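*Asks:* Here's my sequence, what's the structure:
(3 chains)
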Amino acid sequence: MSDTPSNTITLTIDGREVSVPKGTTLLKAAKQVGKDVPHYCYHDGLSSPAQCRLCLVEVEGAPKPMPACVTQAMDGQVVSTESEAALDMREGVLEFYLVNHPLDCPICDMSGECNLQDYVHAEGRDHGRSREPKRIFGRDDFGGDVLYYGDRCVMCTRCVRFMREVEQDGRLTVVERGNRSVIDTFFDRGLEGTQFSGNVVDLCPVGALVSKDFLYKARAWDLDHTPSICPSCSQGCNIELHTRDNLVQRLKPRENLEVNAFWMCDHGRLNYEWINHGDRLEAPLVREGDTVRAMGWKEALTALLQRLGDAAEKGVKVVASPLAPNEDLAALKALVEDLGGGEIVFRMPRAEDEIVLKGFPTMARRRDLAPNGRGAELLGMRRVGEDDGTGGLEGVSGHDGVVIVLGDALADQGPDFAAGSALLVYLGTHSGPAAAAADFVLPVTTFAEQEGTFTNHEGRVQRFWPALSAPGAARPAWLVLGALFAERTQSDSIRKADDAFARLVATHGAFAGLTYDDIGTRGALVSDTVPLSGD
Amino acid sequence: MAYPYVSDREVRVLSKYFGDPMQRRVDTYVERGGYQALKKAFEMGQDAVIDEVKASGLRGRGGAGFPAGLKWSFMPKQPTKPHYLLCNADESEPGTFKDRELLRWDPHQVIEGVLIASYAIRAKQAYIYCRGEFFETTQILAKALEDAYEKGYVGKDIMGSGNDIDITVHVGGGAYICGEETGLMNSLEGRRGQPRVKPPFPAAVGAFGMPSTVNNVETLSAVPHIVTHGGQWYRQWGTEKSPGTKLFCVSGHVNKPGNYELPLGFPLMDLINDVCGGMKDGKALKAVIPGGSSVPILDAQECADCNLDYEGVQTAGSMLGCASVIVMDEDTDIVKQVRRMVQFYAHESCGQCTPCREGSAWMLQILKRIEEGRGTEEDLQTMLDMSRQMTGTTICVLSDSVGAPVVSSINKFKDEYLALIRRGERVGVA
Amino acid sequence: MSDVPFKNPGWAGNTGEYDLTEDQVRGDEFVGTRPIEGGHPSGSASYPYMLPDKDPEAPLFEGPYKDRFEKILTRYPNKQAALLPTLGLAQEVRGHVSPHTMDGVAELLGLSPAYVRGVATFYTMYNKRPVGRFLIQVCTNISCNLCGADDVMGAFLRYTDTELGETSEDGYFTVVEAECLAACGFPTCVQINSRYYENVTPADVPKIVEHLKAEGAGGD
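*Replies:* Numbers count the residues shown, from 1 in each chain, chains lettered A, B, ... in the order given. As a prediction, this is how the structure comes out:
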C-alpha cells in the first residue's frame, strides 16, 4: 500500500496522534504508539475470531468496547487503551481466566514466558475472588511432540486455527461448548504423521500445549536466545537457539515473512541433538608415523604449511559440506585456488519429497537436507553422491596429491580413504572415518558456535550468531583456512566473520553488494538466480 | 374453536386460525385467501414491497425489534451473488412459545411470508431453520411445504410469475445460541453454532459468505397481511414507534397461560388480570419477566404502569424482547429462579468469549452456594462486578443476558439473597 | 398412534376448553407419517425421528435412508452444510452418535473426523452415548419450574427407577433435564423421544411410564 494521503488516516490513541494506512487494525495502530494491547486469540499468522475479549479498548462514540484486533482504525477516531473502563473490562477478563486456571506455575513449562502471568501481573486483580473448586480436565497426549494440559487452556483456539488454516489438516477441534469446552483430537487419533504440529506449542499463549521433548528440561528464564538459521534443510527457516549450560535445549521459529513466517517444521525443530554431541574434536591432531599427536594451533599449522606446498604439486581434491557456512566455503576455495586449483565436491542427503506447508506454500521442508547447498553451488562446488548423502568420492579417494575434507565426516568411507594421497587434511567437528584417515585433523566449530551465513534454496543469504562456546581449541573453519591462506600469500589474516564475508563478496559476483549490515536479521537475496541442480 | 384460551381483547391477525388443523391444508389456506399476498407482491415489485413493510413499521419479533423493512433494504439491489433468506425458527428463549404455534397451526402463513421476503431481498433460496426438538412442528411444516411445492406456490416459476424461490426446512441440533442470527448462519453451514463477529453484517457477508437476511417466524408471518392490506392498515394497532399486533406468550402463575395476540402497547396488568384470568390461586404478584429470561426482572410496582411495547417496557426498566411474559407470584423463590436461568445460560454459552464462558459458569457456582446457605454478602458485589464486566464485552448478547436477571434481582430482591446468606450464617454452614 | 389413557396427548392446551382429537391434530389428514426416504427434498431434513428401536451397527446409509441422505445433499451449496441433518439421520438409524458414526459421517461429507466431533459435541441433541428406548427430557427451565417441573422430574426418576442421565436397568428409560422446550404455556413440558407431552403433573407420570413400558414391550 502506498502512503499517499488518501490511503492514510490519522487517529488518536491514548492522547497520541498516529497515522496509519487505511485498513490497519486498532491493535496494530496502538503498537505504533508503543501500546501493546493484551491479546490471546489474535495472532499475525492466523484468522481473527476476536473471542478472547482481552484486547477490548474504548472508542469514543462507540456504544460498546471494541476488540482492537479486528476493529479497523478510522480517521479522527479517539481510542483509549488504558481508560478506567478499558482497564476494568480487561481486569474482568483476567479474573475470569483465573477462575479455573490452575496456579501450577512452579511446575508449568510456560512459566516465565506465559502471557497470562504477564497480563495478570500488569493488569489483573491482586487477589482472585473465586472460592469455587476448579474445573478439572487433566492431561492428554495429543501425539507427535505435543502434550495438552486442559486445565491451563484459555480457549484462544490458536492451535485449532493453525492446524485448520496453516497446516490444513484439521486434526484439532474444540469439543463440547461453554465452560466444558476443551481442545481435542479425534479420540485416540492424534497428531502423529503431521509435519508442522509442533508450532501449536509456540502458538499456545499459556502452558496448555507443551513440547514433550522440552518437558521439565529447563526454566524459561534460564534460557539464552540466539537468532539463527535452521540447518535441517535448504529452506533456511529463521529460528532461535534456546541454550542453557552450553547445550541447545530447544529450537523455536523466529518471524520472517519472506521465508518461514512464524513457523518451522517438526523435522527441523527436533533435529538438534547432534549439535550437543559430546564426542567432539577439541585439539589439532597430527599424524607422525604410526602415532597421532595433539598440538597447539601454531605448531600444527606450521607443520601443515611445510607439507602443503609440495604435496599440492600433484593437484588438490576437496570434499566440502553443505552444512558449512558461506564464509568457510569461500575461505576453503581461496586456499585451494592458491594451491593451484582443484575440484571441490560436496555431498548432500536429499529427501524423496518436499513437505509443503499448505497455508504458507512458499515454505516447505525442502528435499535438500542441508542449509547451504545453494551457497556451495554458487561458489562453484559440485554436488556428487547418492540421495542418502553417501558415495561419489571415488575420484577423491584415489587421488595422490592433497585431499582436503571440510565438515564431512565421511561416515560411509573406510579407513583406507585416500590412502594413496600425499596429504589428507580434515577440518571437522566430530571424529569418524575422515578423522581416522587424516594426516592433519583440525577441529572446527559448528554453526551454533560461530557467526556466519547460509544461502537458502532461493538464494537468500541469512546470518546466524554464536550461541554456544566452542569446545577446546575448535575454531571456525574460515579462521583456520584464512590463516593458512594468509601465511602462504603473506597477506593480512582475517580476524572477523564479516571480513570473511567481505572477502567472499569481493571474489564472487553472485554475492556482489551484500554486507552483514544489509543482511541483518532478515536476509538478502544474491543477484545470481541460477537454479539448484536437480530442481 | 378454542385455542387453548382466547380473550375478546385479542386482535387475532396472525393467530386467527390457531387451534384449527384445517388451516394446515393448502386448499383451506388458499380458500381463506392464502397466497394472494404473494401474487400481489410479485405485481408490486421488490422495492414497493420493501417500502410497504417499511411503512408498516413492523419491527423484528425475535427480540431485538429492528425494523424489518429497513433490514431488507440493506440487501444489495443488483445481486451479483446468490442471496439467502433465513427464517429463524430456532425458538428457545425461556418463556417463549409463539413460533412453534405459528409453524404448526399456520405453516402456510409462514411459507408465504418467507416467499414474499425472499422475493423482496432477491433471494432464490430460503432456509427455515427449525429448532431440532420441534419434531412434530417440522413434520407439519414439511408437509405444508411439500403441498405448496405441488401447487406451484414454491419452486420454479411461481404462479406463472417467472420467479423462482426454493425453500428448505433445516433442523438444528439443540443449541440455544443458534437463535442468534450469526450463530444460526454458522450452524446452517454445518459448523459449531458460534456467533460471528460483526462487521461484516449478514446483508454483506451472511450464510455461505453471501448477502443474507435473517427474520423471525412471527415477523415473516405478519408480512403477508401487511402486503395484502398495506402498511397503514397495520399501524391501526400499537403505538407510533411499535406498531401492529404481537403474540404475547404468557407463562407462570396465571390462570390462563398461553399465546395472546394483542396490540403493542397493551397494559401489562390488563394482560395478567383480564386476558389471563388473573393470578393463579388468587395470590399476589411478586415479579414479571416481560420479555423472556434474557431481560431484567420487574417487581410488582414497576409492572403497575407498564405498557407492553418496546419503549414502554424500557421505561419500566426492562425490555420487551420477544414478549414472553413470565409471571411470578408472592411465593416464588427468586434466587432459585435466577439460579435456574443462569444455569441455562451457563449450559448454552457457546464458549467462545471468555467473559461468557467463564463468567456464566462461575456465576452459577456462586448462586448455588448462596442457595445452599453458603453465600456471603461480598458474593453479591462480586456478581454485580461480574455482570458489569460481562455486559457489552462479548461477540453476542448471551453474556449480557446472564447479567440481566442477576443484577435486577439483586437490586430489587436483595432481601431474599440476604435471608439465604444469614440463614446459612446462623446454622454455621458458611 | 395408540390411545393414551391420560390427558396431555402431545399437543398444546388440553385444558378443557379445547376440542380436538389427536387424529385431528396430528392425524394422517394433516401431517401423516412422513416417508423414510424423505418425501420432497425441501423437507427431507425435517427429521430425525427418535426411534425406540436402535441398531448401533446400521449402515450409513442404505435403501430409503440413502435416498434421504442424497436428497438432503441437493439442498445445500456444499456438503459441509448437510452435517447437522446427516448427524440427525445417523442418530435416527443408530440411536446415538458414536466415534465410529462421527468417522463415517466425516467420510460421507469429506470433512475431518475431528471437525465432525467438534460440531457433534456442540449440540445437545446428538447422544454421544447410547440412551434407553425412551429418552425422557423434562424441561425444568423457568416457566415450567415455576409450575412444579422439579416435582415432575422427581416423579420420572422415581417411576423409571433411574438416576439423572443414566439408563434404567431394563434399557427402557433415560431421563435427562432439558432446557426450555418452547411450550411454556403448557407446563410442565416433557419430550419423550420425538414427541412432546404437555401439562404434565407428577400425578400423570406413573401413567405415562406404564404406557411407555407397554408400548415398548409391544414393539411400538
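*Asks:* give me the low-pLDDT residue ranges for chain C?
*Replies:* C:1-20, C:22, C:26, C:28-29, C:32, C:48, C:218-220 (pLDDT under 70).
*Asks:* Over to chain B?
*Replies:* Filtered on pLDDT under 70, chain B yields the residue ranges B:1-3, B:427-430.
*Asks:* Where does it get nearest to chain A, which residue?
*Replies:* Minimum separation of chain B from chain A (CB to the nearest CB) falls at B:Gln389, amounting to 2.7 Å. Where you see a C-beta, it was placed from the backbone N, CA and C, and this is true even at glycine.
*Asks:* the strands in chain C, which residues?
*Replies:* In chain C, the segments counted as strands under DSSP state E are C:134-139, C:173-178, C:190-192, C:195-197.
*Asks:* Quick one: closest of these to B:Arg32.
*Replies:* Closest of these to B:Arg32 is strand C:195-197, at 27.0 Å (criterion: CB to CB).
*Asks:* Tell me how the chain divides into domains.
*Replies:* Just going to use chain A. According to automatic domain parsing, chain A comprises the domains A:8-82, A:103-113+A:131-222, A:285-525.
*Asks:* think we crossed wires, I meant chain C
*Replies:* According to automatic domain parsing, the ranges for chain C are C:41-120, C:134-219.
*Asks:* closest one to chain A among these?
*Replies:* Comparing the domains of chain C under CB to the nearest CB, the one sitting nearest is domain C:41-120, at 3.3 Å.
*Asks:* Quickly check: the closest one near chain A or not.
*Replies:* Yes. For domain C:41-120 and chain A, the contact criterion (CB under 8 Å from any CB of the partner chain) is met by C:99, C:102-103, C:111-115, C:117-118.
*Asks:* Up against chain C, what does chain A have?
*Replies:* When proximity is defined as CB under 8 Å from any CB, chain A approaches chain C at A:169-177, A:184-187, A:189.
*Asks:* Please identify which of these is nearest to chain B.
*Replies:* Using CB to the nearest CB, the residues of chain A next to chain C come closest to chain B at A:Arg177, 4.7 Å.
*Asks:* what about that closest one, neighbour count?
*Replies:* Using other CB atoms under 10 Å in any protein chain shown, A:Arg177 is surrounded by 24 other residues.
*Asks:* Test my guess that it contacts C:Phe122.
*Replies:* Yes. Between A:Arg177 and C:Phe122 there is a contact under CB atoms under 8 Å: 5.0 Å.
*Asks:* so what sits against both of the two?
*Replies:* B:175, B:192, B:350 (CB atoms under 8 Å, 6 or more residues apart in numbering or on different chains).
*Asks:* still on that earlier bit, ok, so of the residues of chain A next to chain C, who is nearest A:Asp290?
*Replies:* A:Asp290 has its nearest neighbour among the residues of chain A next to chain C in A:Asp169, at 58.1 Å by CB to CB.
*Asks:* Contact partners for the closest one?
*Replies:* Contact analysis of A:Asp169 by CB under 8 Å, 6+ apart lists A:163, A:194, C:112.
*Asks:* Make a markdown table out of these and add neighbour count and distance to chain B.
*Replies:* Shown next, in a markdown table, are those (neighbours: other CB atoms under 10 Å in any protein chain shown; distance: CB to the nearest CB, whole Å):
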| residue | neighbour count | distance to chain B |
| --- | --- | --- |
| A:Met163 | 25 | 15 |
| A:Thr194 | 22 | 22 |
| C:Ser112 | 20 | 12 |
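*Asks:* Could you identify the helix or strand that succeeds the strand of greatest length in chain B?
*Replies:* The residue-count maximum for a strand in chain B (DSSP E) belongs to strand B:245-252. Counting by DSSP states H and E, the next helix or strand C-terminal to strand B:245-252 is strand B:258-263.
*Asks:* helices or strands up against that following strand?
*Replies:* Secondary-structure packing of strand B:258-263 (3 or more CB pairs under 8 Å, 6 or more residues apart in numbering or on different chains; DSSP states H and E): strand B:245-252.
*Asks:* Tell me if the strand it packs on is near chain C.
*Replies:* Yes. Residues of strand B:245-252 are located near chain C by CB under 8 Å from any CB, namely B:249-252.
*Asks:* wouldn't A:Asp412 be in contact with A:Thr390 here?
*Replies:* Yes. The criterion here is CB under 8 Å, and A:Asp412 meets it with A:Thr390 at 3.9 Å.
*Asks:* For A:Pro106, grab the count of nearby residues.
*Replies:* A:Pro106: 7 surrounding residues under other CB under 10 Å.
*Asks:* so which strand or helix has the closest residue to the residue of chain B closest to chain A other than its chain neighbours?
*Replies:* For B:Gln389, ignoring the flanking residues on the chain, the nearest one in space by CB to CB, 6 or more residues apart in numbering or on different chains is A:Gly92 at 2.7 Å. A:Gly92 is part of helix A:84-100 when elements are defined by DSSP H and E.
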